[in-house]
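> kindly generate the corresponding structure for this input.
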Amino acid sequence: MRLVVLSGAGLSAESGIPTFRDALTGLWARFDAERLATADAFRADPALVWGWYRWRAAMVAAAAPNAAHIDVAALVDDGHALTVVTQNVDDLHERGGARDVLHLHGRLLASRCSGCSARVAPDPILAQPPPPDGGARETPPACAVCGAAFRPDVVWFGESLPSDVWHAAERAVDACDLLVVVGTSSLVWPAAGLPERALHAGIPVIEINPQATPLSSRATAHWPMTATAGMAQLRRRLRQAPDDPQRVLAD
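As a prediction, the model looks like this:
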């Protein structure tokens, strides 16, 4: 079966990574995460934004993939064609064994020049030692090519998704037999439009999320459970009906 897994922050939350809208702790409780994740915030106070992202990168680098990441990757071992489309900026899908991963919102463990998009190795966002805590301000390094500051290689609010990644995600959805939406609130566009695209084309969509979302009433099936429980159940059902999406989704 040709599968697409569209994943969100709820999947990585089980690895101890707080979702983007979770309340931050310590010194960072004083800041609005959504206001820090903008190009305007970076221009106004690059040391604040770079320090926050360096702290987040260190936290993600220390996390481990959970059972849901591993079960997603294992769908290939089970004999299915798989594309992962993720809104997460961590690399836990890859560390869990997934190979074909499309990052809609970029990658936290990478950086690039804010002027000419140059990259360097080793990547400065993972430079040692990591920030001691979330309150450390750090001046981002300057690009040796153009002199502009390095920035996280993520998509900030107000920025467009990378067009090549987005078009690849659309093609994957159009060609799949089943779209699995796991751990996402279905509130962030344009990613939230991918399930709608599948449903419009008659492709079954299963949503795995403990809470109801705007997609729940429209999805072919909604499983109100965590990502780890839902992915384990999905693999069990696919073993019983490896070529029949409707049987997989039947109650």
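
> isn't residue 204 right up against residue 249?
Yes: between residue 204 and residue 249 there is a contact at 5.9 Å, judged by C-beta atoms under 8 Å. In this view, the C-beta of every residue, glycine as well, is placed from N, C-alpha and C.

> mind listing the strands in the stretch 51-200 of the chain by residue range?
Assigned by DSSP state E, counting those that start in this stretch, the strands in the stretch 51-200 of the chain fall at 81-86, 101-103, 106-113, 150-154, 178-182.

> returning to that earlier point: what residues are shared contacts of residue 204 and residue 249?
178, 220-221 (C-beta atoms under 8 Å, 6 or more residues apart in numbering).

> ok, and the most crowded of these?
Counting neighbours by other C-beta atoms under 10 Å, residue 178 comes out on top of the shared contacts of residue 204 and residue 249 with 23 neighbours.

> what sits against the nearest residue to it once chain neighbours are set aside?
Spatial nearest neighbour of residue 178, chain neighbours left out: residue 245 (4.3 Å); criterion: C-beta to C-beta, 6 or more residues apart in numbering. By C-beta under 8 Å, 6+ apart, the residues touching residue 245 are 1, 177-178, 204.

> check residue 245 and give its pLDDT.
Each residue has a pLDDT score; the one for residue 245 is 91.

> now do the phi/psi pair for it.
phi -60, psi -40 (degrees, to the nearest 10).

> pretty sure residue 237 contacts residue 248?
Yes: counting by C-beta under 8 Å, residue 237 does reach residue 248; the two are 4.5 Å apart.

> so which of these two has more stuff around it?
residue 248 (24 against 17).

> so that one makes contact with residue 179?
No: the pair residue 248 / residue 179 is not scored as a contact, 12.0 Å apart, by C-beta under 8 Å.

> mutual contacts of those two, please.
Joint contacts of residue 248 and residue 179 (C-beta under 8 Å, 6+ apart) are residue 206.

> that older thread, looking at the strands of the stretch 51-200 of the chain, which one is packed in the most?
strand 178-182 (a mean of 25; mean count of other C-beta atoms under 10 Å).

> quick check: mean pLDDT across that strand?
Strand 178-182 comes out at a mean pLDDT of 98.

> so, low pLDDT: which residues of this protein?
The model of the chain has pLDDT under 70 over residues 19-34, 133-135, 251.

> what segments of it are helices?
9-13, 33-36, 39-44, 46-62, 67-77, 92-95, 163-175, 193-200, 227-240, 245-249 (DSSP state H).

> pull out the buried positions in stretch 162-169.
Going by neighbour count (16 or more other C-beta atoms under 10 Å), the buried part of stretch 162-169 is 162, 165-166, 168-169.

> now do the closest residue to residue 99 other than its chain neighbours against residue 43, distance only.
Leaving aside its chain neighbours, residue 99 sits nearest to residue 76 (7.2 Å; criterion: C-beta to C-beta, 6+ apart). As judged by C-beta to C-beta, to the nearest Å, residue 76 and residue 43 stand 42 Å apart.

> now residue 78
The value you get for residue 78 to residue 43, if C-beta to C-beta is used, is 47 Å.
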